[in-house]
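> from the sequence below, what's the structure:
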Amino acid sequence: MYYICKMESQKQKILESACEMFFQCGTRSVSMDDISKKLAISKKTLYQYYANKQDLISQVLNWELAHPKFSFESPKFEGLNAIERYWKFYQFVSEMIKKPYHSLEFDLKKYHPELWNKFKSGKMKLFGEELKLNIKQGINEGLYRQELNIDIITNLLVRFYLNMWNEEYDVFSEEELMSEELNRELTVYHLHGICSIKGIECLRKISEK
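The predicted model follows:
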């Protein structure tokens, strides 16, 4: 039993380290040698857990989907209303845009299109489900308008946030996308659009803090 636990612990460490390296540098420039050196293990040990680099990338992406960096349903947000939780999301995005990583997405699209399509679909589904939970909570609390079309609003937000770095559209410059001002304006714009009168008063108090 100890041996099994040790193996699972080591496999987890490999996943976490590879995930960090891939997100920072992309998949193309990170070799299995780089990962084994960072973890101070042999390549033979690395291949005990992952058949090849493609397998490792696939499992890293699955792990990333299973462990989202932000969740509206996080236990640390217990007791917060829907607007307060969405404001936490705004603060999370504000931190993320300070250190954007585009190398992973670029490499996945170019060198691992099947993995990219699967990962993109997973992210869209996961983010959409999270947003729906927040909207439903807000409606139940009387903070969001009762007549909202949840599917349309969810799809609009999913497509904006997951395509905001897409150079094909080139709506905002990279400097604008990384600005706190754009993130705040988008957040306030979205919440004003879905809030009830009661919700707008709550938003005003939160945004003025």
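
> when you work out contacts or count neighbours from here on, use the C-alpha atoms and nothing else.
OK.

> measure the residue nearest to Ser179 when sequence neighbours are not counted to Glu105 for me?
Excluding the flanking residues, the one nearest Ser179 by CA to CA, 6 or more residues apart in numbering is Ile97, at 7.6 Å. Separation of Ile97 from Glu105 (CA to CA, to the nearest Å) stands at 15 Å.

> who has more neighbours, these two?
Glu105 (18 against 14; other CA atoms under 10 Å).

> now that one: how far from Asp34?
20 Å.

> can you check Lys76 too?
In terms of CA to CA, Lys76 sits 35 Å off from Asp34.

> equivalent analysis for Lys118, please.
Counting by CA to CA, the gap from Lys118 to Asp34 is 26 Å.

> neighbours of Ile14, how many?
22.

> check the secondary structure at Pro68 for me.
Of the three states, Pro68 takes coil under DSSP: H, G, I helix; E, B strand; the rest coil.

> contacts only, for the residue nearest to Ser179.
By CA atoms under 8 Å, 6 or more residues apart in numbering, Ile97 lies in contact with 177-179.

> for the chain, name the helix or strand with the lowest mean pLDDT.
The least trusted helix or strand in the chain, going by mean pLDDT, DSSP states H and E, turns out to be helix 174-177, with a mean of 73.

> hmm, who's touching the very next helix or strand once past that helix?
The helix or strand immediately downstream of helix 174-177 is helix 180-194, counting by DSSP states H and E. For helix 180-194, contacts defined as CA under 8 Å, 6+ apart pick out 83, 87, 90, 93-94, 144-145, 148, 176-177, 200, 203.

> mind listing what's buried in helix 180-194?
Buried positions in helix 180-194, judged by neighbour count with 16 or more other CA atoms under 10 Å: 180, 183-184, 187-188, 191-192, 194.

> same check on stretch 55-70?
56-61, 64-65.

> with stretch 86-93 instead?
For stretch 86-93, by 16+ other CA under 10 Å, it's 86-90, 93.

> domain ranges for this protein?
Using automatic domain parsing, the domain parsing of the chain gives 2-53, 68-207.

> compare the mean pLDDT across these and name the weakest.
Note on these: lowest mean pLDDT is at domain 2-53, with a mean of 87.

> could you pull out the helices for the protein?
For the chain, helices defined by DSSP state H occupy the ranges 2-25, 32-39, 43-49, 53-66, 82-96, 103-111, 113-140, 150-163, 174-177, 180-194, 197-207.

> in CSV, list those along with distance to Phe72.
Converted to CSV, those look like this (distance: least, CA to CA, whole Å):
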stretch, distance to Phe72
helix 2-25, 22
helix 32-39, 32
helix 43-49, 33
helix 53-66, 14
helix 82-96, 6
helix 103-111, 24
helix 113-140, 6
helix 150-163, 14
helix 174-177, 23
helix 180-194, 15
helix 197-207, 17
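
> quick one: which of the contacts of helix 180-194 is most hemmed in?
Tyr144 (26 neighbours).

> how about the residue nearest to that one when sequence neighbours are not counted, what does it touch?
Spatial nearest neighbour of Tyr144, excluding adjacent residues (CA to CA, 6+ apart): Cys195 at 4.1 Å. Residues near Cys195 by CA under 8 Å, 6+ apart: 143-145.
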